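> Give me the fold of what follows.
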Amino acid sequence: MEYVNTFIKAIFIENMIFAYFLGMCSYLAVSKTVKTAVGLGLAVIFVLGFTVPINYLLENYLMKAGALSWMGPDYAAIDLSFLSFIMFIAVVASFVQLVEMAVEKFAPALYASLGIFLPLIAVNCSILGGALFMQERQFSNVGMATVFAFGSGVGWLLAIVALAAIREKLRYSNVPPALRGLGITFIITGLMGMAFMSFMGISL
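As a prediction, the model looks like this:
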C-alpha cells in the first residue's frame with residue numbers, strides 16, 4: 001500500500017510541474033503537439049525511472065556519511081557526500097545520451113521534432129529534482145525510490161500531454177492577439193496548477 005500511495009502522490013499531489021514548477025522550459029517549448037509531448041514525456045519517465053534508483057544506491061552505499069561501512073569499520077568515517085551533485089548529474093547525462101541515441105536510431109521523425117530539447121533532458125530541473133527529492137526524503141529502500149521516480153515521470157508526462165492537447169485545440173479558438181502563443185499558455189498552465197492544487201487535500 002505504501003508503494004501505491006507514493007506513486008499516486010508523485011503523480012497528482014506532488015506533481016513536478018504543478019506543485020514545484022520543475023522542468024518548465026521543456027514543458028512550454030515541446031507542448032505544441034501531443035505527439036512530441038508524448039515522446040518527450042516517455043523519455044523523461046525512462047530517465048527518471050532509472051537514474052533515481054541508481055542515484056539512491058550511490059547515495060546510500062557510496063557517498064553519504066557512513067555509507068562505506070559495509071567495506072569495514074575503517075571506512076565508516078568516510079563522507080563523500082560532497083560528490084553528490086557531480087555523481088547525480090553524471091548518471092543523468094549518461095542515460096540521456098542513451099535515450100538520445102535510441103530515439104535517433106528508432107524514431108528519427110520524433111528526434112527531429114524534439115530537436116535540442118531531447119539532449120536538454122540532462123539539465124531538466126525535474127530530472128535533477130527527482131534525485132534531490134530522493135535524497136531529501138530518505139526513502140527506506142530502493143523500491144520506494146523507484147516507485148517515486150516512475151510516479152514523478154508519469155506526472156510530468158500527464159502534465160505536458162494535457163497542455164499539448166489544449167494547445168492543439170487553441171489553434172481553432174479566437175484568442176486575443178496579445179495573448180497568442182506563450183501568453184495564453186502561461187494562463188492555462190496557471191489554471192491547471194490551481195486545478196491540481198485540489199489533490200493536495202487528499203490524505204495518503
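
> Confidence-wise, which helix or strand of this protein is lowest on average?
When each helix and strand of the chain is scored by mean pLDDT, DSSP states H and E, helix 108-114 comes last, with a mean of 85.

> Could you list every helix and strand in contact with that one?
Using 3 or more C-beta pairs under 8 Å, 6 or more residues apart in numbering; DSSP states H and E as the contact definition, the elements that helix 108-114 packs against are helix 34-58, helix 84-106. No exception for glycine: its C-beta is placed from N, CA and C like everyone else's.

> And it, how far out from the chain middle?
Using C-alpha atoms, centre = their mean, to the nearest Å, the distance from the centre of helix 108-114 to the centre of the chain it belongs to is 20 Å.

> right, and the helix or strand after that helix?
helix 125-137 (DSSP states H and E).

> So which residues make contact with that next one?
16-17, 20, 22-25, 44, 47-48, 51-52, 55-56, 59, 84, 88-89, 91-92, 96, 121, 145, 148-149, 152-153, 156 (C-beta atoms under 8 Å, 6 or more residues apart in numbering).

> buried stuff in that helix?
Buried residues in helix 125-137, counted by 16 or more other C-beta atoms under 10 Å: 125-135.

> Buried ones among the contacts of helix 125-137?
So, by 16+ other C-beta under 10 Å, the buried ones in the contacts of helix 125-137 are 16-17, 22-24, 44, 47-48, 51-52, 55-56, 59, 84, 88-89, 91-92, 96, 121, 145, 148-149, 152-153, 156.
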